[in-house]
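Prediction below, plus the sequence it came from.
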Amino acid sequence: MNMRLKGVILAGGTASRLFPLTKVTNKHLLPVGPKPMIYYAIEKLVGAGIEDVLVVTGVHHVGSVVNLLGSGKDFNCRFTYKVQDEAGGIAQALGLAENFASGSPVAVILGDNIFQDSLKQHAEAYTEQGGGARILIKEVSDPERFGVAELDGDKLLSIEEKPENPKSNFAVTGIYFFDGDVYDIIRTLKPSGRGEMEITDVNNDYIRRSRMSCSPLNGWWSDAGTFASFDYVQKLVKEAPPE
């Protein structure tokens, strides 16, 4: 397998929880501190040595995304763009990366994830792993909002999506590493009760095959998909900027 990582930023969806801000623009173009939200994900991937980045976005604001980001030369990378015609879940959006990846493993970031740590050490750990998948987790006070990791020491046993009674306080962040098997897994998925292809189902498939590892983020991490978390991440970026 070619172990040269490529990057994928998933920046689609309707972002209805941030209406009316997102009626006129893509959520990932909203300002967080001094920069558009999506810049943080780009900078993390480029900082990990990744040169080729796919941006997956929705049909309504793709023009604005391309106008902002251009070819990638301003970020020292090369951008490719794919349009997700309708919101069908993270796994469905990731499936659009298959031709772009062309056999290479991918580092995937949800575009509303903003975090302090460098991605470099995690990318290197995944490359040394030699395939399979790797996820980054973070201890949080409200795990029921996220996919939650069930752990036995450092061993990842399962992931449960938005559980009422979480088995740990470790949220699965929107930062993933996958090898080429991920697209075969996605093709076997059926929509969940939410009508979406769930990335948790992908991750649990890797866990069942003992091809999944995980590691914690040490610095702060937050999504920015609600008004509360959007406000929170503004404060984090101001007080302790990402590496």
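Perfect, thanks for sending it. Numbers count the residues shown, from 1 in each chain.

Spit out the contact partners of A101.
6, 8, 54, 180, 183 (C-beta atoms under 8 Å, 6 or more residues apart in numbering). Glycine gets a C-beta too; all of them are placed from N, C-alpha and C.

okay, those in CSV with distance to K27 next?
As requested, these are exported to CSV (distance: C-beta to C-beta, whole Å):
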residue, distance to K27
K6, 23
V8, 17
L54, 18
G180, 29
Y183, 26
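
Can you tell me which of those lies closest to N169?
Among those, V8 lies closest to N169 (C-beta to C-beta), at 27.6 Å.

any idea how far N203 is from the closest one?
15 Å (C-beta to C-beta, to the nearest Å).

Ok, D85 next?
D85 is 24 Å from N203, by C-beta to C-beta.

In terms of packing, which of the two has more residues around it?
N203 (26 against 10; other C-beta atoms under 10 Å).

can you confirm that one is in a helix?
Yes. Assessed by DSSP: H, G, I helix; E, B strand; the rest coil, N203 belongs to a helix.

partner residues bridging the nearest residue to it once chain neighbours are set aside?
Counting by C-beta to C-beta, 6 or more residues apart in numbering, I159 is the residue found nearest to N203 once chain neighbours are left out, at 5.2 Å. Note on I159: beta-bridge partners by DSSP bridges are A149.

Compute the first-to-last residue distance for stretch 132-150.
Stretch 132-150 has its terminal residues 19 Å apart, counting by C-alpha to C-alpha, to the nearest Å.

Pull out the buried residues from it.
132-138, 140, 143, 146-150 (16 or more other C-beta atoms under 10 Å).

would you turn the residues you listed into JSON lines with pLDDT and secondary structure?
Putting these into JSON lines (pLDDT from 0 to 100; DSSP: H, G, I helix; E, B strand; the rest coil) gives the following:
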{"residue": "G132", "pLDDT": "97", "secondary structure": "coil"}
{"residue": "A133", "pLDDT": "98", "secondary structure": "strand"}
{"residue": "R134", "pLDDT": "98", "secondary structure": "strand"}
{"residue": "I135", "pLDDT": "98", "secondary structure": "strand"}
{"residue": "L136", "pLDDT": "98", "secondary structure": "strand"}
{"residue": "I137", "pLDDT": "97", "secondary structure": "strand"}
{"residue": "K138", "pLDDT": "97", "secondary structure": "strand"}
{"residue": "V140", "pLDDT": "94", "secondary structure": "coil"}
{"residue": "P143", "pLDDT": "94", "secondary structure": "helix"}
{"residue": "F146", "pLDDT": "93", "secondary structure": "coil"}
{"residue": "G147", "pLDDT": "94", "secondary structure": "strand"}
{"residue": "V148", "pLDDT": "97", "secondary structure": "strand"}
{"residue": "A149", "pLDDT": "97", "secondary structure": "strand"}
{"residue": "E150", "pLDDT": "96", "secondary structure": "strand"}
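
continuing past the longest strand seen in the chain, what's the next helix or strand?
Scanning the chain for the strand with the most residues, using DSSP state E, yields strand 170-178. For strand 170-178, the following helix or strand on the C-terminal side (DSSP states H and E) is helix 181-188.

angle of that following helix against strand 170-178?
110 degrees (axes from the mean of the first three to the mean of the last three C-alpha atoms, to 10 degrees).

Which residues belonging to helix 181-188 are considered buried?
Those would be 181-183, 185-186, for helix 181-188 by 16+ other C-beta under 10 Å.

Can you tell me which of the residues you listed is nearest A171?
V182 (20.6 Å).

And for the nearest residue to G131 once chain neighbours are set aside, the neighbour number?
Nearest non-adjacent residue to G131, counting by C-beta to C-beta, 6+ apart: D179, 4.5 Å away. By the criterion of other C-beta under 10 Å, D179 has 23 neighbours.
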